[in-house]
Structures are given as structure tokens and as C-alpha cells.
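Q: With the sequence up front, the predicted model follows.
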Amino acid sequence: MKILLASSEIHPFSKTGGLADMVGALGKALARAGHDVALVTPLYGFIRAKFPNLIREEWTFDLPLGTRREQGGLWSLKVEQGLTVYFVEHPGFFDRQGIYFEGHISYADNAERFIYFSKCVAHLARYWPQPPEVVHLHDWQTALVPALMLQQRTEGWGTPPPTCLTIHNLAYQGVFPADAFALTNLPQEFFRPDGAEFYGQLNCLKTGIVFADALTTVSPRYAREITTEALGCGLDDRLRQRRKQLFGILNGVDYGEWNTAKNPYLAHPYSAAQLDGKTLCKLALQREMGLPERKEVPLFGTISRLAEQKGVDIELGALEEMLSADIQFVLLGSGSPAFELGYQKLQERFPGQVAVRLGYNEGLAHRIEAGCDFFIMPSQFEPCGLNQMYSLRYGTIPIVRATGGLDDTVTDYNQDSTRANGVKFQEYSARALAKAIRKALAIYSQPDLLHRFRRNGMKADFSWKQTVPQYLKVYESAQSLSASPQGAGAPIPDISEP
Ligand code: ADP
């Protein structure tokens, strides 16, 4: 199958979170399963510096953006057999230090930047010499593509390929003032409550939810959660309407990158059968973070965007309580200045026990996963979450709140004492997390139990091999849905006629 995947970030070219990991790994996995995959992403300035061997394509975009036209170029990189990444070049929009923001402030022209990018994706899907058989979009930044493609039906594109939209996090919807709608150049009929309009504003993600042929999200539990008022972020009614076309597919892990045996970031390889290397990784991590090198002390870690969603407030509260015990804690993260300050203060108050690194550091992320005994992930909600899966593979026991993908991937002792691989708690409170940390300490004090948890975790298999067939099934269902005269996601009959 010829598949076009479009995303605003793709690992290893650009990344702010799990979206990049997922799209990069899915593209690779689909190509290795024999499909012909094109990934499309913006050409951020830092990509060019890191990947000097990109090739300029003989292709230019000259597309309307409201009342003006914007020109762009196209670059490519053949990554491996069946997998090519295309980069949309527009220096004015993308040649910047950040992807969405700089110094905690979102770029003021994000609507223009990603509406333009979405137009380039729709244009490529229509005119590329090898037309895709399915177009797979990710998050709000590309969620306008199905509507843009649908509109092109009326402009002479007989049968556009079916579209699939994956929601990686419903909390980020790309909502902009109503005048941003003019940038889409879509007919005004699209700006209706059953289209792109959301309480008088333009909502990019909602537009995708309405017009894509198939919808997926990144874990089965999150697929159920987003159809409820509690976690539906105001779009639960729309999602309930599309329930039959909404699928929950757990993200896979790229074990080629996230492994403990052959990993350029780890000085001491290890495996489930040979865990000595893990102890050496722990000592090395303590050294790197400036903590006392003590292999007997339980070491907890977190790697996270410091956003409310991630449960930062309850983690700070629980640590406050638990640091009276002989434990160590390391944090790698960046985000809200108030949260960054919270961890920095904790470090000042508990020197020798808490070490904090603010910023983004891929290598350190691997070393924290490898060196820690426990990984804390107390999210308010979590569409899938990758770090708990990385932790399992690294023999680092995850402590998670039972929500979304965290609940789907971690098994608590109370669920199955023989197969337990982590600690789960339900209530969103510092007290409940502190109690979970106490349970972790009880596990730590019993070497046999600790080994069982670790072994179970390291055996867990969330590889893409299991995930690819599920996406292929969704693509097939999107094909049959879009074959219906109005397309599955076209509730406005007068503009969806072919
Ligand atoms: P989200 O996408 O909501 O941020 P996920 O758990 O799905 O959360 O994915 C987060 C990804 O980003 C993981 O690969 C994680 O290791 C990485 N990550 C997050 N913060 C940092 C950081 N400060 N440095 C390095 N990697 C980070």
C-alpha cells in the first residue's frame, strides 16, 4: 500500500514528545512490512544543520493562504527501502529555533504556519506522481487536511484517497480566532457547528474529527475516555457521533532505539538475564547527576514535559512527604516555569537526594531509564505514554496512575500477582501517589519480588509488529468508508458531492 503520513514532528528530525516517536516508528514499521511510505514534515532550520544530506526536489508550492499566496520548496531524504521523508521548506514559517514556541511563548503565527503546512500535504496527496492510497494525519497541526482534500473533490479531484486522523492528545486542539478560518480558503459552509467552528472559533482538531474517514487514538482506554464528558475536552459529543470509526491502537515502541543491550547512550549494557550492567548504570547515573553513588538506595526518576497533565503537582507533593525516607529522585524535564521552579526548590531543600536537569536531553533520558529502580508517571490523563513502556523494557518499575495508556500497559500486583510489572494508583492526589511509592519501597526491600517485577517488565512486548496490522485494518476500513458517496466524515451534503 502507498501510505502518506504527515506530522509536525518526526523523530529523529524533530521532537517535542511522543508524537514524534510514534510517527517516526510507525513509518519505519510500515515500510519494513513491505509498504511504500512517504513521511511529510516541515523543514525546521535545525534539521538542515543536523542532516546536511537532504536532497532538493524539483517541486514548488505556490498556494493561497487567505488573501495572499505563499511559496515553498520540498526536500527529501530516503531513509531506507520503502521509506522517504519529505520536508516542506518555508523559511519564514519554519526556520526557527522552536517547533511551536520559544521561551515558553507560542509563535503568534501558528495558525498560518500549520494551515500552510496542511495545504502542502493536501497538495502533495493530490499531485504527487505516486498518489497515496491512504493519507494518515496526526494531531491538530495536520487535522485540516481531510477537509481541504474533500473540498478539492468539488474542484475536480475525482476520488481523493481516504484519510485517517490519529489523536495523540485531545487537550491540544489548535483553536484560533474565527478570522483564522479565512486562511484555509475553504468555503464558508465549512465554518459551522458541524464543521470547523467551535464556539465561534476555528478548531483544527475538531475539523479533522468531523471530516476524516477514520479516527484513531493511541490506546484503547483513551479511546473510551475521550468519548466521556470528563476527558472529552468539549469534543466528546463529536467523538461519540463517530464512535464506529474511532479505534484505540496502542503505540508501539521502537526497540531498535529503546533497548539495553546495544545502546550508544549506555556505558553498561544489560539484559533480563544479566542485570549487573543495570547496577553499573545506576551508579553512573548517580555520578552524572551529582548524587551520592549508593547502589542500595532506591532511585526514582521522571522524564517529562512539565505540564499540568503530567501530574507534576501531585508528584511534588508526594516527594515532599517521601523524601524523609532514604530515597533518591532524579528529574529530566522542561515546561511551565512554575513547575520548573518547584523541582529546583526541591533540589535545593534535599541536596544529595534530589537532582534536577531542566531541558531536553535524549541521551540522559536513556540513562535515567536505565539507571533508576522506579519511574514515576502520575498523569492526570495519558493518551498512551511511552516512558512507562521504555521503563518496562529497561527493568525500571513504573509507578503510574491508572489512566489511558498507562492503565493499558502496566499490570499491578492486585490485578495479577504473577505477572505484575508495576505499581498503579487510582485517585489523583499526592497522598495516593505517596502510598504507591511506599508500595514500591516494599517491593524494593524483597529481592525476589523485585526481580519478578523487573523480569515481567522486560518481557513485555509493545513492538510495532503487533501494531502495524491494526493500522492496516483501519486504513482498509477508511478506504471502504470513503468509498461511500459522501465519505464517512462528510456530514455537510451540499459540499461533499463528488
Ligand atoms: P508526551 O508526548 O505527552 O510528552 P510521552 O510519554 O508519550 O509524553 O512521550 C514523551 C517522549 O518525550 C518520550 O520519548 C520521552 O523520553 C521524551 N521526553 C520528554 N521530555 C524529555 C526531555 N526533557 N528530554 C529528553 N526526552 C524527553
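A: Done, it's in. Numbers count the residues shown, from 1 in each chain.
Q: what helix or strand is the residue of the stretch 51-200 of the chain found nearest the ligand on?
A: Per CB to the nearest ligand atom, N169 is where the stretch 51-200 of the chain lies closest to the ligand, at 6.1 Å. Where you see a C-beta, it was placed from the backbone N, CA and C, and this is true even at glycine. If you go by DSSP states H and E, N169 is not part of any helix or strand.
Q: Tell me the pLDDT of it.
A: Note on N169: pLDDT of 97.
Q: how much space is there between it and F198?
A: As judged by CB to CB, to the nearest Å, N169 and F198 stand 17 Å apart.
Q: same thing with Q152?
A: Separation of Q152 from F198 (CB to CB): 23 Å.
Q: Looking at those two, which has the bigger crowd around it?
A: Taking neighbours as other CB atoms under 10 Å, Q152 and F198 compare with F198 leading, 21 against 16.
Q: who touches the more buried one in this structure?
A: Going by CB atoms under 8 Å, 6 or more residues apart in numbering, F198 touches Q173, V175, K206, G234.
Q: Let's see which of these end up in strands.
A: The strands, defined by DSSP state E, take in V175 from those.
Q: Widest-spaced pair of the contacts of F198?
A: Across the contacts of F198, the longest distance by CB to CB is 9.6 Å; it joins V175 and G234.
Q: In terms of neighbours, single out the busier of the two.
A: Comparing V175 with G234 by other CB under 10 Å, the one with more neighbours is V175, at 17 against 14.
Q: just the helices in the stretch 201-350 of the chain please.
A: For the stretch 201-350 of the chain, the helices defined by DSSP state H, counting those that start in this stretch occupy 204-211, 220-225, 236-241, 276-289, 312-322, 337-349.
Q: likewise the stretch 351-498 of the chain?
A: 362-371, 387-393, 404-409, 430-444, 447-459, 464-483, 493-496.
Q: I'd say the residue of the stretch 51-200 of the chain closest to the ligand and H138 touch.
A: No. Taking contacts as CB atoms under 8 Å, N169 lies outside contact range of H138: 10.5 Å.
Q: For L4, pull up the helix or strand it's in.
A: strand 2-6.
Q: in that strand, what counts as buried?
A: Within strand 2-6, the residues that count as buried by 16 or more other CB atoms under 10 Å are I3, L4, L5, A6.
Q: Need the distance between the two termini of stretch 382-402.
A: For stretch 382-402, the separation between the terminal residues is 9 Å (CA to CA, to the nearest Å).
Q: ugh, wrong one, stretch 9-18
A: Counting by CA to CA, you get 10 Å between the two ends of stretch 9-18.
Q: go on, stretch 247-267?
A: This stretch, stretch 247-267, spans 40 Å end to end (CA to CA).
Q: from the middle of its chain, how far away would that stretch be?
A: How far stretch 247-267 lies from its chain's middle: 14 Å, per CA atoms, centre = their mean, to the nearest Å.
Q: Chain neighbours aside, what residue packs nearest to I303?
A: Among residues not flanking I303 along the chain, L332 sits closest, at 4.6 Å (CB to CB, 6 or more residues apart in numbering).
Q: same deal with A307?
A: G335 (5.1 Å).
Q: again with Q309
A: Q380 (5.4 Å).
Q: Tell me which residues touch the one you found, please.
A: Under the criterion of CB under 8 Å, 6+ apart, the contact list for Q380 reads E308, Q309, K310, G311, R401, T403, Y428.
Q: what phi and what psi does the backbone show at the fourth one?
A: Same thing as G311. phi 80, psi 30 (degrees, to the nearest 10).
Q: Model confidence score at it, please.
A: Listed pLDDT for G311 reads 98.
Q: Same question for the fifth one.
A: In the predicted model, R401 carries a pLDDT score of 98.
Q: beta partners for it?
A: Counting by DSSP bridges, R401 is bridged to F425.
Q: tally of neighbours for it?
A: Here the number of neighbours of R401 (other CB under 10 Å) works out to 26.
Q: From what I see, it and P378 are in contact.
A: Yes. Counting by CB under 8 Å, R401 touches P378, with 5.0 Å between them.
Q: backbone phi and psi for the residue of the chain at minimum distance from the ligand, please?
A: Taking CB to the nearest ligand atom, the ligand has its nearest neighbour within the chain at G18, 2.4 Å off. Main-chain dihedrals, G18, degrees, to the nearest 10: phi -60, psi -30.
Q: and the chain, which residues reach the ligand?
A: Listed as neighbours of the ligand in the chain under the rule CB under 6 Å from any ligand atom: 17-19, 21, 303-305, 332-334, 360-362, 365, 384-387.
Q: For ChimeraX, write the selection for the buried entries among these.
A: Under the burial definition 16+ other CB under 10 Å, those of these that qualify are selected in ChimeraX by:
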select :18,19,21,303,304,305,332,333,334,361,365,384,385,386,387
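Q: Next, the contact list for the nearest residue to T467 once chain neighbours are set aside, please.
A: Nearest non-adjacent residue to T467, counting by CB to CB, 6+ apart: G252, 4.1 Å away. Neighbouring residues of G252 by CB under 8 Å, 6+ apart: M22, A25, L26, A29, F462, S463, W464, K465, Q466, T467, V468.
Q: can you check S480 too?
A: So S480 contacts nothing (CB under 8 Å, 6+ apart).
Q: now do G333
A: G333 makes contacts with T302, I303, S304, R305, L306, E340, Y343, L358, as judged by CB under 8 Å, 6+ apart.
Q: Who is it paired with across the strands?
A: Here G333 sits in beta bridges with S304, L358, going by DSSP bridges.
Q: ok, back up a step: do you know which of the helices of the stretch 351-498 of the chain lies nearest P64?
A: helix 493-496 (17.8 Å).
Q: pLDDT on the biggest strand by length in the chain, on average?
A: As assigned by DSSP E, the longest strand anywhere in the chain is strand 68-80. Averaging pLDDT along strand 68-80 gives 98.
Q: same thing with stretch 21-35?
A: The average pLDDT within stretch 21-35 is 97.
Q: what does that stretch rub up against?
A: Here stretch 21-35 makes contact (CB under 8 Å, 6+ apart) with 1-3, 5, 7, 9-13, 15, 37, 39, 79-83, 85, 138, 166, 168, 218, 251-254, 384, 386, 464-465, 467-468, 471-472.
Q: can you check stretch 413-431 too?
A: 311, 313-318, 320-321, 374, 378, 380, 388, 391-392, 397-402, 406-407, 410-412, 432-433, 435-436, 439-440, 443, 452-453, 456-457, 460.
Q: Pretty sure I209 sits against L165.
A: Yes. With contact defined as CB under 8 Å, I209 counts as touching L165 (7.0 Å).
Q: More neighbours: those two, which one.
A: Legend: neighbour count by other CB under 10 Å for I209 and L165, higher for L165 (30 against 25).
Q: How about the secondary structure of the more buried one?
A: Classification of L165 by DSSP: H, G, I helix; E, B strand; the rest coil places it in strand.
Q: returning to what we had before: just the helices of the stretch 201-350 of the chain: most buried one?
A: The highest average neighbour count among those, using mean count of other CB atoms under 10 Å, belongs to helix 204-211 at a mean of 28.
Q: Just want the angle from it to strand 163-167.
A: For helix 204-211 against strand 163-167, the angle by axes from the mean of the first three to the mean of the last three CA atoms, to 10 degrees is 140 degrees.
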